[in-house]
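Visitor: 3D model of this:
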Amino acid sequence: MNIKKRVGAFFILLIVSATALFVECDVYFPKEIRVYHGQQVEIPKGFAYTLEASNAVETYGDYDATVKLFGVIPVKEVTVNVEPERSLIPGGKAVGIKMFTKGLICVGTQEVEDTDGRKINQAKTLDIKNGDIIIAVDGVELHTVEQFADIVEKSSGRELNLMISRNKREETKQIKPVKTDSGYKLGIWVRDSTAGIGTVTFVDNDSGKYAALGHPITDVDTGELMPVDKGSITEAEIVGVKKGSRGSPGELYGVFDAQGQDCGIIVKNTNQGIYGKLLPDYDLVSGEERPVASKSEVKTGKAQILANVSGEKVESFDIEIQKIMRYAPDDKNMIVKIIDEKLLNITGGIVQGMSGSPILQNGKIVGAVTHVFVNDPARGYGIFIENMLENTK
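Guide: Numbering: from 1, shown residues only. Got it, this is the predicted structure:
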């Protein structure tokens, strides 16, 4: 009986080990792997898998490759994309961000009391929720809160057709404004814009394109990604710091002239940051171009970030890349820790406003800081630069 139990336990262990190996294979080797010309797909020492190309990877293009277990057993076919080496100017400079949404974001609903004292909640009846985007009214595109309020007031109670987007699906809802003692109301609170401070990650000197933040701009009330109608960035100055501590995220205090000269436009707001183009002949960041590292090149260990935590000065600070989630989605691909005593004394670690600070390792741009751990402000997440570059195409 003991022998049967041991044999059973052995086979269970064998199945669990094999499953773990295959999961590890899928995590480390996706169907497509990108490398830049002159680079190789980095495989950790002692790793159970090897990657063998069917032909020599010598120039740009797509190459078939086989993942083998212990260098012998073929387990997966992948494609290696070899692209021309890219170089970018790393940022680190804080900028003011002004953005108007495409449509209006619903940030709250409420009951409305009509002139007869009846309380009406049409938003609840029509299933209009926080985070819904009101795109148009009677076919007229919406751009500002004031425009929406004016349309409702001038309706004189006439039924309106609201075009609403939720989870990228559009639907038309008919709603009748309620006559109140102070005019016609719908009981829907909306927002059309946002503004704040963020950090530029890189500038492409050839195209004038830039990237910043490394994470999306979301509505403060709903947490939903804010779709861009129009927006811009402008130069900013850091005038103070709220130091971060356990349980209390810190923040950079910056100032910029909301009516002043813009230095670039915002084209995209994505899960990997904001993207746009600088105005002609505008040098937002300075310094030499640095080569870009593919995600397979990034290693745990020492690295640096460029950050602007005082005035307009960009400085280099030491960090440690502690963990790599090589094929995690969106903006959480690595865990980083601030180890630079100067930066820790100034900010306590990663603070709001530093998002987008570029991460450099071995002279290459490997990513950007995106989030702080609330209970450990010295540590946070970073995104691979390769993932950010997908949004510049």
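
Visitor: going forward, measure contacts and count neighbours with C-alpha atoms only.
Guide: Noted.

Visitor: helix, strand or coil for Q259?
Guide: When classified by DSSP: H, G, I helix; E, B strand; the rest coil, Q259 comes out as coil.

Visitor: now do stretch 217-230: distance to the chain's middle.
Guide: Stretch 217-230 sits 12 Å away from the centroid of its parent chain (C-alpha atoms, centre = their mean, to the nearest Å).

Visitor: list the buried ones in that stretch?
Guide: 217-219, 222, 224-230 (16 or more other C-alpha atoms under 10 Å).

Visitor: now, the most widely separated pair of the residues you listed?
Guide: T222 and K230 (20.3 Å; C-alpha to C-alpha).

Visitor: surely K98 and S232 touch.
Guide: Yes - the pair K98 / S232 is scored as a contact, 5.4 Å apart, by C-alpha atoms under 8 Å.

Visitor: compare the two (neighbour count), which wins?
Guide: S232 (22 against 19; other C-alpha atoms under 10 Å).

Visitor: what pairs with the nearest residue to that one once chain neighbours are set aside across the strands?
Guide: Using C-alpha to C-alpha, 6 or more residues apart in numbering and skipping residues adjacent in sequence, the residue nearest S232 is I265, 4.2 Å away. Judged by DSSP bridges, the bridge partners of I265 are S232, K277.

Visitor: list the contacts for I265?
Guide: Residues near I265 by C-alpha atoms under 8 Å, 6 or more residues apart in numbering: 230-233, 276-279.

Visitor: dump those to a markdown table, plus pLDDT and distance to L69.
Guide: Compiled in a markdown table, the contacts of I265 are given as follows (pLDDT from 0 to 100; distance: C-alpha to C-alpha, whole Å):
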| residue | pLDDT | distance to L69 |
| --- | --- | --- |
| K230 | 91 | 50 |
| G231 | 93 | 50 |
| S232 | 95 | 50 |
| I233 | 95 | 49 |
| G276 | 95 | 43 |
| K277 | 95 | 45 |
| L278 | 94 | 48 |
| L279 | 92 | 51 |
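
Visitor: which of the residues you listed count as buried?
Guide: Among the contacts of I265, those classed as buried by 16+ other C-alpha under 10 Å are 230-233, 276-278.

Visitor: for the stretch 201-350 of the chain, what spans make up the strands?
Guide: 209-212, 228-235, 237-242, 251-255, 264-270, 273-278, 290-291, 301-310, 313-324, 334-338 (DSSP state E, counting those that start in this stretch).

Visitor: give the contact list for the residue nearest the centre of the chain.
Guide: Central residue of the chain (C-alpha atoms, centre = their mean): H215, 2.1 Å from the mean position. Under the criterion of C-alpha under 8 Å, 6+ apart, the contact list for H215 reads 270-274, 330-331, 355-356, 370.

Visitor: what's the answer for K323, then?
Guide: By C-alpha under 8 Å, 6+ apart, the neighbours of K323 are 300, 334-336.

Visitor: swap the cut-off to 10 Å and go again
Guide: K323 makes contact with 299-301, 333-337, 381, according to C-alpha atoms under 10 Å, 6 or more residues apart in numbering.

Visitor: next: D219.
Guide: 105-107, 131, 191-194, 225-227.

Visitor: what are the ranges of the strands in the stretch 1-150 of the chain?
Guide: Per DSSP E, counting those that start in this stretch, the stretch 1-150 of the chain carries strands over the ranges 32-36, 49-53, 61-69, 73-83, 87-90, 94-109, 112-113, 119-120, 133-137, 140-141.

Visitor: okay, those strands in a markdown table with mean pLDDT next?
Guide: Compiled in a markdown table, the strands of the stretch 1-150 of the chain are given as follows (pLDDT from 0 to 100):
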| stretch | mean pLDDT |
| --- | --- |
| strand 32-36 | 75 |
| strand 49-53 | 72 |
| strand 61-69 | 77 |
| strand 73-83 | 78 |
| strand 87-90 | 95 |
| strand 94-109 | 92 |
| strand 112-113 | 91 |
| strand 119-120 | 92 |
| strand 133-137 | 94 |
| strand 140-141 | 93 |
